[in-house]
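[1] coords please:
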Amino acid sequence: MSLRTTGGIAALTAAATFVIGLVMFATMLMDYTTSESADVSVAFLVDNHAALFVWNLIITIVFGVALVPLSYALGDRLSSARGSAVKVSTAFGLMWATVITATGMIANVGYKAVIDLHETDPEGAVTLWRALDTVQDGLGGGNELIGGVWILLVTLTAMRTRAIPRWVNHFGLGAAAAGLITIVPGLSDLGAIFGIGSIVWFVGVGIALLRGEPTPRQGVAVTAPAAATAQA
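    Residues are numbered from 1 along each chain as shown. Predicted coordinates:
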């Protein structure tokens, strides 16, 4: 399987993890995701740990793994761009994959620790959950800075090379802006806009990668030898 195909599948997988995560967030996990009480959150975790484990696995581990081949595939797709933009964007993609995967592993271990402690020390479990929640938010749950930077760099480079359709780039700019703004205290709720915009962006990127390289007619520059051959 080519890197392009692998990257396309990875992009669609990333989109799917966002969709599943948002649906679970807004339905079966609503009491947990919207609760402002640590006691309520811990009680929900104890009673629904399997659902939370699956949710966390999908939105962090699966998503983080998918980001790796996607980052390299986009780097290859945008390789015609000059300068260090492509290398920097790939680095941010891998950075995001590392951070989000680490977040998931910490959460899964932390969930079990909270549940085990709750059996003998409910108050201690609440304190541990607060610490765990703070770490998760700091790594990515409370802001989308790294993801926003990555999508922005990819989008800006794609706009110059025309390697990705224009409509996909428009969604990329919107998602990136929402992600960057979440770093501002009090504006973390814009992460929902980042998530929705990213779904469309990932789908568009996945389709573009699976369809193959764009032709010169779509706006991608060709080299002088290639242009001469075409004219001949």
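
[2] most centrally placed residue in this protein?
    Residue closest to the mean C-alpha point of the chain, counted by Cα atoms, centre = their mean, is residue 147 at 5.9 Å.

[3] contacting residues for residue 200?
    168, 171, 175 (Cβ atoms under 8 Å, 6 or more residues apart in numbering). C-beta coordinates here come from the backbone N, C-alpha and C atoms, glycine included.

[4] Tell me the one among these nearest to residue 142.
    Distances from residue 142 to these, taken as Cβ to Cβ, are shortest for residue 175 (17.3 Å).

[5] which of the residues in the longest helix belonging to the chain are buried?
    What stands out as the longest helix in the chain, according to DSSP state H, is helix 85-118. Neighbour counts using 16 or more other Cβ atoms under 10 Å place 85-86, 89-90, 92-97, 99-101, 103-104, 106-108, 110-111, 114-115, 117-118 of helix 85-118 among the buried residues.

[6] can you check stretch 9-29 too?
    9-21, 24-25, 29.

[7] repeat for stretch 26-46
    29, 32, 41-45.

[8] for the helix or strand encompassing residue 16, packing partners?
    In this assignment (DSSP states H and E), residue 16 forms part of helix 3-26. When contacts are defined as 3 or more Cβ pairs under 8 Å, 6 or more residues apart in numbering; DSSP states H and E, helix 3-26 packs onto helix 49-56, helix 63-77, helix 191-211.

[9] For this structure, which element, helix or strand, carries the lowest mean pLDDT?
    Lowest by mean pLDDT, DSSP states H and E among the helices and strands of the chain is helix 224-231, with a mean of 38.

[10] Where does the prediction get shaky in this structure?
    The model of the chain has pLDDT under 70 over residues 82-83, 141, 213-232.

[11] mind redoing it with 50?
    215-232 (pLDDT under 50).

[12] Next, count neighbours for the closest residue to residue 77 other than its chain neighbours.
    What sits nearest to residue 77 in space, not counting adjacent residues and going by Cβ to Cβ, 6 or more residues apart in numbering, is residue 163, at 5.2 Å. Per other Cβ atoms under 10 Å, the neighbour tally for residue 163 reads 24.
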